[in-house]
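Asks: give the three-dimensional model of this entry:
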Amino acid sequence: MRLLLADDHNLMREGIRALLSKSSDLEIVGETDNGRTAVQMAQKLSPDMVILDITMPGLNGIEATRQIKYHLPKCKVIVLSMHASSDMVGDALRAGANGYLTKSCLGQELVQAVHTVAGNQTHLSPQVAGVVAEGYLEQMAPSAGKRTKALTPRQREILQLLADGYSTKQIAKQLSRSIKTIEMHRLHIMGQMGFDSIADLTKYAIRKGLASLEAK
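Replies: Prediction:
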């Protein structure tokens, strides 16, 4: 199994690499600390599996998962996160993730998850499985999470960049779009989410794990 690792914390990434390198059937072919770079490296290296964090600069793990699965449908994706909210887990699974583990899991569980997912099965940490069950029970209740799902993948990407502190001009340059196009997306996002300011949007994104206080 050829693996690509993506986590913006060097210590976490080094620990994962050291753990997985002990298995003779696993090979780490690349590493990155950025979600957007993870997508680019996946397209270049064509790994069998990508293990990535959700909260990363540039592009969060959920959107990175969605793009990786679009370009490489057969590539497996395991998400690692400090967060295990029903919205976040549901979004990751809908994006195409084959596994979801919290960072509090034991190292052996990660190794097991890699082999389980390699066998075309889904692996969820026990606490994550419980959250998924609770999420199904709450599906009929209106929530901010459902408003987020109404956004397009491009708008969710812009939402994170806004929350990360990028200006409209910087976002336009990074996504190769006009400033006017980004401004139109921004207005739609604010209206769809019911936010009056970028500060409210940022607080929401941090609370949901889509952006971090360490961003930009």
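
Asks: per-domain residue ranges of this structure.
Replies: As assigned by automatic domain parsing, the chain contains the domains 2-137, 144-207.

Asks: highest average neighbour count across those?
Replies: Each of the domains of the chain was scored by mean neighbour count; the highest is domain 2-137, a mean of 19, by mean count of other C-beta atoms under 10 Å. For glycine as for every other residue, the C-beta is placed from the backbone atoms N, C-alpha and C.

Asks: and residue 41, which of the three is it?
Replies: Secondary structure assignment for residue 41 (DSSP: H, G, I helix; E, B strand; the rest coil): helix.

Asks: for residue 3, grab phi and psi.
Replies: With angles defined as degrees, to the nearest 10, residue 3 sits at phi -120, psi 140.

Asks: what do you get for residue 27?
Replies: Note on residue 27: its backbone torsions stand at phi -130, psi 130 [degrees, to the nearest 10].

Asks: in terms of contact, does it touch residue 1 like I think?
Replies: Yes. Using C-beta atoms under 8 Å, residue 27 is in contact with residue 1, at 6.9 Å.

Asks: list the contacts of the spatially most central residue of the chain.
Replies: Nearest residue to the geometric centre of the chain (C-alpha atoms, centre = their mean): residue 61, 1.5 Å. Shown in contact with residue 61 (C-beta atoms under 8 Å, 6 or more residues apart in numbering): 6, 35, 52-55, 79, 81, 92.

Asks: do the same with residue 114
Replies: The neighbours of residue 114, taking C-beta under 8 Å, 6+ apart as the test, are 1, 3, 20, 23, 26, 49, 51, 78.

Asks: how far away is the last one from residue 85?
Replies: Here the distance between residue 78 and residue 85 works out to 18 Å (C-beta to C-beta, to the nearest Å).

Asks: verify the stated contact: residue 125 with residue 101.
Replies: Yes. Contact criterion C-beta under 8 Å: residue 125 and residue 101 qualify, at 4.7 Å.

Asks: between those two, which contacts overlap?
Replies: Residues touching both residue 125 and residue 101 (C-beta under 8 Å, 6+ apart): residue 109.

Asks: next SSE after the worst-scoring helix or strand of the chain on mean pLDDT?
Replies: Here the helix or strand of the chain ranked lowest by mean pLDDT, DSSP states H and E is helix 144-149, holding a mean of 51. Tracing the chain C-terminally past helix 144-149 and defining elements by DSSP states H and E, one meets helix 153-163 next.

Asks: which other helices and strands contact that next one?
Replies: helix 61-71, helix 168-175, helix 179-193, helix 198-207 (3 or more C-beta pairs under 8 Å, 6 or more residues apart in numbering; DSSP states H and E).

Asks: with adjacent residues omitted, what lies nearest to the residue nearest to the centre of the chain?
Replies: Nearest non-adjacent residue to residue 61, counting by C-beta to C-beta, 6 or more residues apart in numbering: residue 54, 3.8 Å away.
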